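In: everything below, folded, please.
(2 chains)
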Amino acid sequence: MSTNEEPWQARYLLTAGPWRALAYVITTCPFAALTGMAVGTLILPWLVAVLRLHDGRMLEGPLLFLMVTALALFAGLGPLVAIPLAAVERGRLALVDRRPVRSGHRAAEPNPVSWLRLRYTEAATWREVLYAVILGLVVPVVYGVYALLALIDVACVVSPLFAATGTDSWQFGVFTVNSTAEAIPLSIFGLLFVPVLAHLLGLISAGQAATARALLGDRDGAALREVAQSRARLADAFEAERRRIERDLHDGAQHRLTSLTLQIGMARLDVPEDSPAAAPLARAHDEAKELMVVLRDLIHGIRPQSLADLGLPAALRELGGRSPLPVTVTVADGMTRPAPHVEGCAYFVASEALANVVRHSGANRADLLLAQTAGMLVLEVRDDGHGGADPAGGTGLTGLADRVAAVGGRVLLASPEGGPTLIRAELPCRS
Amino acid sequence: MPQLTRVVLAEDGVLLREGLTGVLSRFGFEVVAAVGDGPALLAAAAEHRPDLVITDIRMPPGNTDEGLRAAVTLRRERPGLAVVVLSQYVQEEYAGALLDTGDGLRVGYLLKDRVVDVQDFVAALRTVLGGGTVVDPEVVRRLLRRTRDPLAALSAREREVLALVAEGHSNSAIAARLFVTEAAVGKHVGSILAKLDLPPAEDTNRRVLAVLAYLRG
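Out: Down below sits the predicted model:
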């Protein structure tokens, strides 16, 4: 919605705003009327009870029975009416508010029993019931007052006509109209009041829309939660795919290459040293051996087998052993093994952080610390380099933070100019 | 004619299993069983009572460390059994688990890459069969690169000697490799043992074990 369509804007009347508000209010009427009747019927026994108590009279059995029945009907059937009503109301909201509004309901199983159980225990459902009550009780009163104002205004505008036809005198408070001439100022006032009424209509519809948005929208962030879950699912799928590729390479290419290299090694035994084939065969053997190293490093880069086989501490020690810098790996006592995706993520953080240390920090050594506290896996990578690491400077640190965020964790970085640099990743171990 | 060395081979890759069988047969080993998973290895070893077991670490059914666990089990049942495990990658903890069985003698831990150098591989097997210990040079290199203050005290030459010692070479073999006299090697070893605060001992394998135990610390 463009800003000048708001009812408190000066140019409001020149926009589609008033017409939208009118459409919204008119289409509200049937819903408000039906809901009002239903809610009104159900609160009638309670109203009577309040009046009786006010008069100092006792409540009788039949009235008490009606009160309880009304309450039971309200609690039992209210949600069944409020949920579809809320769906309609969210749709109708588009008449005055183009921002999408999402249901706060969680996704339910198609099975009716679990659907009912979920819906009756959700806060979103009871907010919708509250909205229905407001729609049934407050909206008719507001609309009624507005209708009265509109009727008076119409009467003012047409008052000269009535005066001309010789109808009796008009009494507007202290102001009495007896003739057409006297009615003209009234008519002018009526005409001037029309824009005010239009703005008022806009305010009423805006207020109603704001209430609907607040009560019918997704205030618990169910949508955000689902986004987070889908991100976690994506990260899991990615992890599974890495495992599959790693296994395929290991079981296929790596085996065959080892076998091929072995065959060449065997062939070399049968070729005399002075044979013309000896030198090319030796070269082929060497190249095959180098290729084995390349392939092994490649597979290791995809997902280290030691991570799956021996767990995170051993994989981190191995990682430290492979680093060109001296790396001390410290693992706290009493670690329980986290879920594979958390392990994979922690390993990724350690591996990326160490690679950064080697590439950028100018450090002479690094320390890797792994600990577990209160359902949190904590990994710290510390170096004695010159510091100044900046997430804005490259994709490395942000990629790391993204990867950690996907499993619901966070990354903290301390890297003052002059060093040292500390990266701390906190990963939830329990979901 | 001398009795052939009876070997049980466990490797889940069919091509490599056949290739290894070929190598072993050619060098006078008798492959009495070639199997593809951990349980089959245990069964074959129980049935054939081989002189030597060669096994891949990562094998079915779990594709983790079935082969290593089978090897450790076999060593526990028959402490003198020669066992060589092949690993796809360097993992010091695997080497440690294996060396901790029995007295650490007659075991080998080799990277799979090593089998393609056929003669070196067979030499390693013979060392193990002869009562020696063979640890892959890559593992030793990795261990030596760990910075520990006692190791920092070693000279470059002493580190070189220590690496060869850890791989299970005798003083004369080391002397041949480094083109120095055996006496010089003996002096280096004495100096290393002194710097590492290890009591001097004559047995080559004891030295390996002592060094590895120290490095595993």
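
In: any idea which element residue A:82 lies in?
Out: helix A:61-92 (DSSP states H and E).

In: going on from that helix, what's the next piece of helix or strand?
Out: Following helix A:61-92 toward the C-terminus (DSSP H and E): helix A:112-121.

In: pLDDT of that next one, averaged?
Out: The average pLDDT within helix A:112-121 is 85.

In: could you point out which element follows it?
Out: Trace forward from helix A:112-121 with DSSP H and E and the next one is helix A:123-164.

In: any weak-confidence spans in chain A?
Out: A:1-4, A:166-175, A:220-223, A:393-395, A:430-431 (pLDDT under 70).

In: can you give me the helices for the chain?
Out: I went with chain A, as the question did not name one. In chain A, the helices defined using DSSP state H lie at A:17-54, A:61-92, A:112-121, A:123-164, A:180-216, A:222-248, A:255-270, A:278-302, A:305-310, A:312-322, A:340-356, A:395-406.

In: hmm, no, I was thinking of chain B.
Out: B:14-26, B:38-48, B:66-77, B:92-99, B:118-129, B:137-145, B:149-152, B:156-166, B:171-178, B:182-195, B:204-216.

In: turn those helices into TSV, columns for mean pLDDT, mean neighbour count and distance to chain A.
Out: All C-beta spots, glycine's among them, are computed from the backbone N, C-alpha and C. Below are the helices of chain B laid out as TSV (pLDDT from 0 to 100; neighbours: other CB atoms under 10 Å in any protein chain shown; distance: least, CB to the nearest CB, whole Å):
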stretch	mean pLDDT	mean neighbour count	distance to chain A
helix B:14-26	92	18	4
helix B:38-48	94	18	13
helix B:66-77	90	21	9
helix B:92-99	76	21	5
helix B:118-129	91	19	4
helix B:137-145	73	19	5
helix B:149-152	62	12	10
helix B:156-166	81	19	15
helix B:171-178	87	17	20
helix B:182-195	82	17	19
helix B:204-216	59	19	11
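
In: reformat those helices as a markdown table; add distance to residue A:120.
Out: Formatted as a markdown table, those follow (distance: least, CB to CB, whole Å):
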| stretch | distance to residue A:120 |
| --- | --- |
| helix B:14-26 | 60 |
| helix B:38-48 | 53 |
| helix B:66-77 | 52 |
| helix B:92-99 | 54 |
| helix B:118-129 | 71 |
| helix B:137-145 | 62 |
| helix B:149-152 | 68 |
| helix B:156-166 | 71 |
| helix B:171-178 | 81 |
| helix B:182-195 | 77 |
| helix B:204-216 | 61 |
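
In: beta partners of the residue positioned nearest the centre of chain B?
Out: Centroid-nearest residue in chain B, with CA atoms, centre = their mean: residue B:108, separated by 1.9 Å. For residue B:108, the beta-bridge partners are residue B:84, residue B:134 (DSSP bridges).

In: that one contacts residue B:131, correct?
Out: No - Residue B:108 is beyond contact range of residue B:131, at 11.7 Å (criterion: CB atoms under 8 Å).

In: from residue A:327, how far off is residue B:22?
Out: 41 Å (CB to CB, to the nearest Å).

In: do the same with residue A:156
Out: Counting by CB to CB - residue A:156 and residue A:327 are separated by 87 Å.

In: out of everything not next to it in sequence, what's closest to residue B:111?
Out: residue B:136 (4.8 Å; CB to CB, 6 or more residues apart in numbering or on different chains).

In: alright, calling it a day.
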